[in-house]
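Q: A structural model of the following input is requested.
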Amino acid sequence: MRLSDKHHSVTSCTDVNEICKDLFDYSGINTFLYARVYDDHTTYGVTNRSDWHMHHFQQEYMAAPPVPPHIIANKFFFIPPPITVTPFQQAIDDFINIFDMGFPMIFVERYVGYFELFFFATSSKNHSILNFYLNNIDVLEKFKFYFKDKAERLLKESKKHKIIMPQSMWPTFGGLEDPTARAEEKLELTRRLQVRRFMLKGEHDDVYLTKKRSQMPKESHPLWDDERHGPSLTYITTHS
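A: Below is the predicted model:
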C-alpha cells in the first residue's frame, strides 16, 4: 500500500524530529517512531523518518519484527537480531542497506484493545549503541512519557488518520493477550532467589545488612549517618 506524502504520519516528521532532538544529541539515536496498533488491525503513529516509514508501508512489511515468545509480557522491550529466519528479514535488509539504520530497540506496552510501540534506532555503523541501551533504560523509559506529553497535539491529530493494515503487516505478537503463564514463572524465580544478607562496600571493610535493614529509606537509615565516610557499623549483622 502507498502512503500519500500528504498523510499526517509523513508531514509530522519535522515536528517529531524537534521533540527528539535532545535525546538524539545525547545518545547517538537518530530514529524514533511511536505507533498505536489496535486489535482490529488499524494503526496510527508518528516518526521522524518519513522515507523509511513510506517504504515500509509500500512494501507491506510486518508492522514489527517477530517477538521471541519467552519475552512477551504486558510490557517488555527487545532488540531484533540482524538475521532471522522469518519473512521480516527483507525489512531488516532494507533497513540497513537502503536507509543506513541499525540496532533497533523496541518497547511494547499492552493495553485493552491495543498496544503501543516505541521504536528507537541509530546508524547501522554505531555498534556502541548497544551499551547505551543497556545502561540507559531509565532514560528511554522517561523519554516515552516525555514524548507523549510533548507530542500530545500531534498524536491527537494522528488518531484522525488511522491506517487499515493489510494482513501481511499484522504483527505477530502471539501470546501478548495472555502473558500470565510467563509472569508466574518469573514470580516463581524471584521467590527462589532469596537473599539472606546484603553486602555493602564500606571504606575499610565490607558490611552486611539483613533484608529488613536493606529496605529502610536511605535518609532514615542509621547506616548512612555520614556519607563522607561510607556506612557506619550501626545495625550491622552477619546473620539473619
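Q: helix, strand, or coil at R110?
A: strand (DSSP: H, G, I helix; E, B strand; the rest coil).
Q: which non-adjacent residue is nearest it?
A: Leaving out its chain neighbours, the residue that sits closest to R110 by Cβ to Cβ, 6 or more residues apart in numbering is N74, at 4.4 Å. In this view, the C-beta of every residue, glycine as well, is placed from N, C-alpha and C.
Q: looks like the one you found contacts K186 (just checking).
A: No. Applying Cβ atoms under 8 Å, one finds N74 not in contact with K186, separated by 12.0 Å.
Q: who's more crowded, the two?
A: N74 (15 against 12; other Cβ atoms under 10 Å).
Q: and F99, how many neighbours does it have?
A: 17.
Q: residues contacting the closest residue to it other than its chain neighbours?
A: Once flanking residues are discounted, F99 sits nearest to W52: 4.8 Å by Cβ to Cβ, 6+ apart. With contact taken as Cβ atoms under 8 Å, 6 or more residues apart in numbering, W52 is in contact with 31, 95, 99, 101.
Q: isn't the third one up against D51?
A: Same thing as F99. Yes. Contact criterion Cβ under 8 Å: F99 and D51 qualify, at 6.6 Å.
Q: domains for the chain, by residue range?
A: 8-188, 197-229 (automatic domain parsing).
Q: using JSON lines, lay out the ones you listed together with mean pLDDT.
A: Listed next are those as JSON lines, based on pLDDT from 0 to 100:
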{"stretch": "domain 8-188", "mean pLDDT": "90"}
{"stretch": "domain 197-229", "mean pLDDT": "59"}
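Q: deepest in the core, which of these is it.
A: Highest mean neighbour count of these: domain 8-188, a mean of 16 (counted as mean count of other Cβ atoms under 10 Å).
Q: and that one, end to end?
A: The first residue of domain 8-188 is 46 Å away from its last residue (Cα to Cα, to the nearest Å).
Q: in a helix, the residue nearest to F99, correct?
A: Yes. Under three-state DSSP, W52 sits within a helix.
Q: roughly how far does it sit from A73?
A: Counting by Cβ to Cβ, to the nearest Å, the separation of W52 from A73 is 28 Å.
Q: do L187 as well
A: Counting by Cβ to Cβ, the gap from L187 to A73 is 12 Å.
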